[in-house]
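**Student:** Kindly return the folded structure for what I paste below:
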Amino acid sequence: MAKTIFHAADERGHADHGWLNAHHSFSFAGYHDPNKVHFGALRVLNDDIVAAGEGFGKHPHDNMEIITIVLDGELAHKDSMGHTQTIVPNEVQVMSAGTGVTHSEYNHSADKAVNLLQTWIFPDKRNVAPRYDQRAFAPEERLNKLQTIVSPIDLDGEGLKINQSAWIYRTTLEAGNTVTVSPHSPKHGFYIFMISGEATAAGQALHAKDALGISEVDNVEIQASQTSDILVFEVPMLG
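**Tutor:** Alright, predicted model coming up:
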């Protein structure tokens with residue numbers, strides 16, 4: 001029997017700091033919901049809007065796989081590994097914090113906000129050497145099909161690599177089109193996050209910024225009722 005949990009967009013945690021307008025799918029910073037601490041190995045999914053000329057100052061991380069997806073605008077990244085790069089739409093950044101890394105993220109635009117999704121996934125290996133990678137993913141290669149943007153470091157396959165048996169897919173589904181996801185292990189579940197649009201997954205209607213967690217299934221079918229931009233996380237359910 002499938003296990004499901006529905007997270008409505010308007011029930012996410014919310015913090016408006018002026019320079020940062022953040023929505024949290026899971027407990028984060030000042031937002032805590034005991035029923036939304038994590039979904040399996042997926043610990044954080046933050047939908048952040050950073051005002052022009054603002055950003056996150058230098059701060060540390062360790063033993064976490066951090067994935068950043070920019071939806072609109074440009075985000076400047078600088079870290080203690082020596083990377084200074086800008087992330088733009090259709091690019092994905094991964095940072096394995098491992099034994100420890102510090103970084104900052106800024107919106108250097110004078111007039112345009114940046115909208116990013118930042119996700120944290122628990123690693124399956126602790127205290128690894130920190131690493132960084134960034135890549136552009138062509139939007140036409142996810143039209144009405146799944147595009148792998150993240151996959152396990154110890155397996156061959158597409159996508160940027162992380163230290164966890166987890167995958168992240170992105171798809172742009174046009175109205176009436178369907179994709180089906182099947183887990184790599186019966187111990188894995190899916191967390192489906194609607195960036196935009198309207199779709200149905202496992203009988204649940206989903207609108208922009210809604211999410212559905214589902215586990216103990218052989219596959220999940222996602223069908224769009226209008227053109228939709230969708231992220232699908234496959235993660236171990238951690239017991």
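**Student:** Where is the longest strand in this structure?
**Tutor:** strand 220-236 (DSSP state E).
**Student:** so what's the backbone phi/psi at residue 61?
**Tutor:** Dihedral pair for residue 61: phi -140, psi 150, per degrees, to the nearest 10.
**Student:** With residue 140 instead?
**Tutor:** On the backbone of residue 140 - angles per degrees, to the nearest 10 - the values are phi -70, psi -20.
**Student:** And it, how close does it get to residue 228?
**Tutor:** 16 Å (CB to CB, to the nearest Å). Where C-beta positions appear, they are placed from N, C-alpha and C, glycine not excepted.
**Student:** quick one, which of the two is more surrounded?
**Tutor:** residue 228 (23 against 7; other CB atoms under 10 Å).
**Student:** Would you confirm that the more buried one contacts residue 170?
**Tutor:** No. With contact defined as CB atoms under 8 Å, residue 228 and residue 170 do not form a contacting pair (11.0 Å).
**Student:** ok, now which ones touch the residue nearest in space to the middle of the chain?
**Tutor:** Nearest residue to the geometric centre of the chain (CA atoms, centre = their mean): residue 119, 4.3 Å. By CB atoms under 8 Å, 6 or more residues apart in numbering, the contact set of residue 119 is 42, 44-46, 66-69, 168, 233.
**Student:** Pull up the gap between it and residue 74, please.
**Tutor:** For residue 119, the distance to residue 74 equals 19 Å [CB to CB].
**Student:** Same question for residue 64.
**Tutor:** Applying CB to CB to residue 64 and residue 74 gives a distance of 24 Å.
**Student:** Which helix or which strand is home to residue 23?
**Tutor:** Using DSSP states H and E, residue 23 falls within strand 20-24.
**Student:** packing partners for that strand?
**Tutor:** strand 13-16, strand 42-50 (3 or more CB pairs under 8 Å, 6 or more residues apart in numbering; DSSP states H and E).
**Student:** Give me the buried subset of the contacts of residue 119.
**Tutor:** 42, 44-46, 66-69, 168, 233 (16 or more other CB atoms under 10 Å).
**Student:** and which of these is nearest residue 99?
**Tutor:** If you rank the buried ones among the contacts of residue 119 by distance to residue 99 using CB to CB, residue 66 comes first, at 14.2 Å.
**Student:** Please name the bridge partners of residue 96.
**Tutor:** With DSSP bridges as the criterion, residue 96 is bridged to residue 65, residue 131.
**Student:** From the structure, what's the count of residues near it?
**Tutor:** Residues near residue 96, counting by other CB under 10 Å: 25.
**Student:** Please look at it and residue 62 and confirm they touch.
**Tutor:** No. If you go by CB under 8 Å, residue 96 and residue 62 don't touch, sitting 10.2 Å apart.
**Student:** Run through the chain and note the low-pLDDT ranges.
**Tutor:** 239 (pLDDT under 70).
**Student:** all helices of it, in order?
**Tutor:** In chain order, the chain shows no helices, with DSSP state H as the criterion.
**Student:** May I have stretch 122-139 as CSV, with CA atoms only?
**Tutor:** The C-alpha trace of stretch 122-139 is given here as CSV (Å, rounded to 0.1, in the frame of the first residue of the first chain):
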residue,chain,number,x,y,z
PHE,A,122,21.6,13.8,3.9
PRO,A,123,24.8,12.1,2.6
ASP,A,124,25.5,8.4,2.9
LYS,A,125,29.2,9.0,3.6
ARG,A,126,30.4,11.4,6.3
ASN,A,127,33.5,13.6,6.4
VAL,A,128,34.3,13.2,2.7
ALA,A,129,36.5,15.8,1.0
PRO,A,130,34.4,18.8,0.0
ARG,A,131,33.6,19.1,-3.7
TYR,A,132,31.8,21.4,-6.1
ASP,A,133,30.3,21.1,-9.5
GLN,A,134,28.0,23.1,-11.8
ARG,A,135,26.4,22.5,-15.1
ALA,A,136,23.9,23.8,-17.6
PHE,A,137,21.0,21.5,-18.5
ALA,A,138,19.3,22.2,-21.8
PRO,A,139,15.5,22.9,-21.3
